[in-house]
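*Asks:* only geometry, no sequence info:
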């Protein structure tokens, strides 16, 4: 019986794809982005967040079968149909559980539910091959085009990520490239120009920008771990405008909240 290591299932999500969606957050990530907004998903182990002021704690991490997940997310099937929504599989890095994600997506596809995969793409291409037949849309996060930053600060393999995105864009899958704009990481003109060069080389036409925010600070406090971006202010409006200006030379650019 195939099981998935689940962090959380979030109903009525409106920020993880089109329409009203249910987002299945999976546990485990092979990257270590210091600005991560879902730190509770990084470890494969169960994590408890404690909020003393609210006198409550929340535990993330449990094993669920494909059937159990399908039963829960199908409770919102009417909302998917009415809004053009569906189920988003996120993380963590969902492709670390590619075989199980494929079974889940296939089961949802058989129920007529659209499935969106949210990935950072730092996995062997075989993981994509297992899942792509059963998903309609892919969110692909592109964090940096600086090999040293990718390797030393994030823990990723830039050539692998670039190769996967190039191959993905050659498929018929609807793919949305999303760039989280992180101060002192990828917001300089040099960094954005390098990103534009890489994305142009793989055939990208459209990109979405996700401005940095500090909404995760409470999670880090509840986990009892330091948040490196605690004192970093939200991205200034002029920095966002400059990013749009630079990338618009090569792509259609959208900004997400």
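*Replies:* That came through fine. Everything numeric here is computed off the predicted structure, so don't read it as measured data.
*Asks:* What residues does residue 35 make contact with?
*Replies:* Contact partners of residue 35, counting by C-beta atoms under 8 Å, 6 or more residues apart in numbering, are 180, 182, 185, 212, 228-229. For glycine as for every other residue, the C-beta is placed from the backbone atoms N, C-alpha and C.
*Asks:* So how do I select the buried members of those in PyMOL?
*Replies:* Listed next is the PyMOL selection for buried residues among the contacts of residue 35, using 16 or more other C-beta atoms under 10 Å:
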select buried, resi 180+182+185+212+229
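*Asks:* buried sites along stretch 140-149?
*Replies:* Buried-residue list, stretch 140-149, by 16+ other C-beta under 10 Å: 140-146, 149.
*Asks:* Ok, stretch 40-58 next?
*Replies:* Buried, per 16+ other C-beta under 10 Å, within stretch 40-58: 40-44, 47, 49.
*Asks:* Stretch 6-15 now?
*Replies:* Of the residues in stretch 6-15, those buried (16+ other C-beta under 10 Å) are 6-9, 13.
*Asks:* Excluding chain neighbours, what is closest to residue 213?
*Replies:* In space, and not counting its chain neighbours, residue 213 is closest to residue 234: 5.3 Å by C-beta to C-beta, 6 or more residues apart in numbering.
*Asks:* Relative to residue 181, how far out is the one you found?
*Replies:* 10 Å (C-beta to C-beta, to the nearest Å).
*Asks:* how would you label the residue nearest to residue 213: helix, strand or coil?
*Replies:* Going by DSSP: H, G, I helix; E, B strand; the rest coil, the secondary structure assigned to residue 234 is coil.
*Asks:* Which parts of the stretch 1-150 of the chain are helices?
*Replies:* 66-73, 77-83, 98-110, 125-131, 147-148 (DSSP state H, counting those that start in this stretch).
*Asks:* for these, which one ends up most surrounded?
*Replies:* helix 98-110 (a mean of 20; mean count of other C-beta atoms under 10 Å).
*Asks:* Now do that one and helix 66-73, the angle between them.
*Replies:* 50 degrees (axes from the mean of the first three to the mean of the last three C-alpha atoms, to 10 degrees).
*Asks:* Can you name the residues in contact with helix 98-110?
*Replies:* If you take C-beta under 8 Å, 6+ apart as the criterion, helix 98-110 is touched by 2-4, 24, 26, 66-67, 69-70, 73, 86-87, 89, 94-95, 115, 117, 123, 126-128, 130-131, 133-135.
*Asks:* sorry, back to before: quick one: which of the helices of the stretch 1-150 of the chain is nearest residue 247?
*Replies:* Smallest distance to residue 247 across these (C-beta to C-beta): 20.1 Å, for helix 147-148.
*Asks:* List the contacts of that closest one.
*Replies:* Outside of helix 147-148, the residues within contact range by C-beta under 8 Å, 6+ apart are 158-159.
*Asks:* Give me the distance between it and the centre of its chain.
*Replies:* How far helix 147-148 lies from its chain's middle: 21 Å, per C-alpha atoms, centre = their mean, to the nearest Å.
*Asks:* still on that earlier bit, now distance to residue 222 too, for the helices of the stretch 1-150 of the chain, in CSV please.
*Replies:* Listed next are the helices of the stretch 1-150 of the chain as CSV, based on distance: least, C-beta to C-beta, whole Å:
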stretch, distance to residue 222
helix 66-73, 24
helix 77-83, 29
helix 98-110, 27
helix 125-131, 31
helix 147-148, 32
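*Asks:* Adding mean pLDDT, write the ones you listed out as a markdown table.
*Replies:* Output for these, formatted as a markdown table (pLDDT from 0 to 100):
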| stretch | mean pLDDT |
| --- | --- |
| helix 66-73 | 98 |
| helix 77-83 | 97 |
| helix 98-110 | 98 |
| helix 125-131 | 98 |
| helix 147-148 | 96 |
